[in-house]
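J.: Got a predicted structure here, sequence first:
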Amino acid sequence: NWKDGVHALFTLFRLRFSFARGWGIPVLLFFAMLSVYMSTWHAGFGGYEGETVDAAYALFDGKYEIKRAGIMAALLYTPFILLLRIFSIESRTLLSIVPLLFSAGTIVLLYQTLFLLTKQRKASLGVAILTGVGSLVWPYTNIGMEYQAMFFLMFLLYTLVRWKVGRVGMLAVGVVFAALILAKSYGIIFGLPMVLFVLFSVRYKKDIIDFFLWVRLLGPGAAAVAIMLFLNSFFHGSMSGVYSLSHELQVWSWWEGFYGVFFSYGKGILFFCPLLVLSVLYAKKCFNEYRATTIFILTSLILMLLLTAPFSYWTDETWGVRKLVPIIPLLHIPLVFLFEKKNFFKSVCVSIIIVAAIYVQVLGVSYNYGKQLEILRKANVDTLQHMRFTPQFSHLAIHNLLLSSYLHKEPAVLYYTEKTWFRFTIGEPDVVVENIALDITSMNQPDIIWVRVYRYLNPFLLFAIVGGVM
């Protein structure tokens, strides 16, 4: 009868509404982030990401050519290679969209993790969006190299939180951990944060000595290590593979790296991710509310810092501190408390930091990170010390100079003067060590593909418009 029909329609509507609330937001968030990232797409690969693509093609053709990235990093490309070949398309350019897809997926995982933790949909969505457009995640959609570890590390924390609330088993956590190890060899260090999360989450002490719990958690990771060592030995004749880290793992000074990672204008994450200043302010509250998650984040940060800071390559020529990129989304989790009530002064301060954070990432996505080194080489100041500590030679300053020149159609000239200090006290005149006035106006066009395409097509568009009017 009609009552049963109305009841059935109401039930169907309620189910569809529930589905929309459950999956609608993550899907919309994914496409929103992907749209932002696509708007600043460079249509190319940074660093050794192109090498990973070559390894993926080799895997697809039955060869093993894994070097710096792990086999899982290459496998992320293979479904897309298959899709392109189904349509008889051979395009490395299109494959450069893959880092954008997984970076957008990382932001969705961040949202899902926060919502599981807090049950606050708006705050979780706000933090995810801010992280997506106000952190290193955005520039590294074009640079690549670290997005695989970032994705699987975020996936690991998401799976741990789901395990804690009883939605997945421990084996699922172990499998994600194994994927992280196979994506990047250093992924094994996140086993400690994972174990600590479990120890601070178990309800009963008897679970700590449950042998099978630890087998399910650590077994897949151990298998991943064994697979990686076997493949390296079988194909390259060495368990460590063919890539040597000897030039990177040269101990310089732990304190220089520690200072530089956080506070150097040329590389420090507090300059390249200003939102982390707010994260620091809410860290204690985050620890009190979500202890296991905060311990996971802090332990991951400490391990990455200990792994990175002592060595000569605590950073390189990439945007910010590349080796810390995998944990950047995790470090923004305390921002969930940012959406609590604030007074006017706090709101203004927070708004300024948010605008600054987004603008920094706009600078990062506007130009290829290698443009800085090219400019410094022309000026004969291409040293690690200048790149790390001299404000005028920072990515931030150079990209800002280039973008401002492009937008305002003004010359871009890099000025820098450096001279000795107080030599007159020993009876000698001061000497100018560096005196630079380098015109870099010719390099001010952004590397975003849509800007390049528009500039290339602009005369034709103008001709078409004039022809249409006539």
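T.: Perfect, thanks for sending it. Numbers count the residues shown, from 1 in each chain.
J.: ok, now which ones touch the residue most central in space within the chain?
T.: Centroid-nearest residue in the chain, with CA atoms, centre = their mean: residue 137, separated by 3.4 Å. Contacts for residue 137 (CB atoms under 8 Å, 6 or more residues apart in numbering) come out as 103, 106, 107, 131, 150, 325, 328, 329. Placement of C-beta: from N, CA and C, glycine included.
J.: Most widely separated two among the residues you listed?
T.: Spanning the widest gap among the contacts of residue 137 are 107 and 325, at 13.8 Å by CB to CB.
J.: Pick out whichever of those two has more residues nearby.
T.: The neighbour count for residue 107 versus residue 325, taken as other CB atoms under 10 Å, is higher for residue 107 (29 against 25).
J.: pretty sure that one is in a helix, no?
T.: Yes. Counting by DSSP: H, G, I helix; E, B strand; the rest coil, one finds residue 107 located in a helix.
J.: quick one, what contacts it?
T.: Taking CB under 8 Å, 6+ apart, we find residue 107 in contact with 29, 30, 33, 128, 129, 131, 132, 137, 329.
J.: again with residue 191
T.: Counting by CB under 8 Å, 6+ apart, residue 191 touches 177, 218, 221.
J.: Distance of residue 224 relative to residue 406?
T.: Distance of residue 224 to residue 406, given as CB to CB, to the nearest Å: 46 Å.
J.: Pick out whichever of these two has more residues nearby.
T.: Higher neighbour count among residue 224 and residue 406: residue 224, with 24 against 18, using other CB under 10 Å.
J.: May I ask you to confirm that that one is in contact with residue 181?
T.: Yes. The pair residue 224 / residue 181 is scored as a contact, 4.3 Å apart, by CB atoms under 8 Å.
J.: What mean pLDDT does the host helix or strand of residue 302 get?
T.: Residue 302 is part of helix 291-308, with elements assigned from DSSP states H and E. Averaging pLDDT along helix 291-308 yields 94.
J.: The helix or strand hosting residue 151 vs helix 291-308, what angle?
T.: Per DSSP H and E: residue 151 is located in helix 147-164. Using axes from the mean of the first three to the mean of the last three CA atoms, to 10 degrees, the direction of helix 147-164 lies 150 degrees away from that of helix 291-308.
J.: Does anything pack onto the next helix or strand after helix 147-164? Which helices or strands?
T.: Where DSSP H and E defines the elements, the next helix or strand beyond helix 147-164 is helix 170-183. Other elements packing on helix 170-183 under the criterion 3 or more CB pairs under 8 Å, 6 or more residues apart in numbering; DSSP states H and E are helix 71-75, helix 147-164, helix 191-199, helix 211-236.
J.: now residue 37: how far from residue 158?
T.: Distance from residue 37 to residue 158, counting by CB to CB: 20 Å.
J.: wait, I meant residue 297
T.: Distance, residue 297 to residue 158, by CB to CB: 13 Å.
J.: likewise residue 208?
T.: Residue 208 sits 23 Å away from residue 158, going by CB to CB.
J.: Which one's more surrounded, these two?
T.: The neighbour comparison of residue 208 against residue 158 (other CB under 10 Å) goes to residue 158, with 22 against 11.
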